[in-house]
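*Asks:* Just to be clear, the model below is a prediction. Sequence and coordinates:
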Amino acid sequence: MLNIRTERLILRNFRETDGPALYSYLHNPRSSCFFSLRLSDEVAASAEAKKRSTDNNYIAVCLKANDELIGDLFAMPEEDALSVGWNFNPNFAGQGYAFEAAHALFTYLFDERHARRLYAYVEDTNQPSQRLCQKLGMRLEGTFVEFVSFMKNEYGQPVYENTMQYALLRREWSTFQAGSVLKTE
């Protein structure tokens, strides 16, 4: 059972009772990559929370003060790396929660699970996630032009998006962490 604590947050496994909070941000996802996760109602949200409660790849991000679910992270094994990502309730945007949670997750993945490489796909229109990747020390590896489609246009044709890939190796994380400590002293 995952239980990571930061200054303001708890990263834990999902619980079945997280359904209503999950619905609050997945009934109308802001980022197109989460359109396929759109929840139609609270019954669907409860079923999704129940499904995630049995899957260690999805991590609930909750406020430490009251255990309120404010977003989630994921870390999906892919060959010899982990695909990482985040999705937060927009009501909690701009407060540094995504960075605090992702930083704690990266530390856990590199230190405890001995990950060799983390990577994240980010749409070229998603500036907040691009900034978060950069703030976490990830480097841009490239942009896949018209890589994937999450929606269709008014004629039913797929709309393909450009997708950026950011990545970070364990040795880069160690160097990044050392530099972060030096900057704060």
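*Replies:* That came through fine. The model shown is predicted, which means the values in this text are computed figures rather than measured ones. Numbering: from 1, shown residues only.
*Asks:* Secondary structure element holding the nearest residue to residue 92 once chain neighbours are set aside?
*Replies:* Among residues not flanking residue 92 along the chain, residue 70 sits closest, at 4.4 Å (Cβ to Cβ, 6 or more residues apart in numbering). For glycine as for every other residue, the C-beta is placed from the backbone atoms N, C-alpha and C. Counting by DSSP states H and E, the element that carries residue 70 is strand 69-78.
*Asks:* If you count contacts, what does that strand end up packed against?
*Replies:* The elements that strand 69-78 packs onto, with contact taken as 3 or more Cβ pairs under 8 Å, 6 or more residues apart in numbering; DSSP states H and E, are helix 19-26, strand 58-63, strand 81-88, helix 97-111.
*Asks:* Please report phi then psi for residue 94.
*Replies:* In this entry, residue 94 is assigned phi and psi values of phi 80, psi 10 (degrees, to the nearest 10).
*Asks:* ignore the last one, residue 166
*Replies:* Dihedral angles phi and psi of residue 166 (degrees, to the nearest 10) take the values phi -110, psi 150.
*Asks:* ok, now how distant is it from residue 75?
*Replies:* As judged by Cβ to Cβ, to the nearest Å, residue 166 and residue 75 stand 14 Å apart.
*Asks:* re the thing from before, deepest in the core, which of the helices and strands packed on strand 69-78 is it.
*Replies:* When neighbours are counted by mean count of other Cβ atoms under 10 Å, the highest per-stretch mean among the helices and strands packed on strand 69-78 falls to strand 58-63, a mean of 22.
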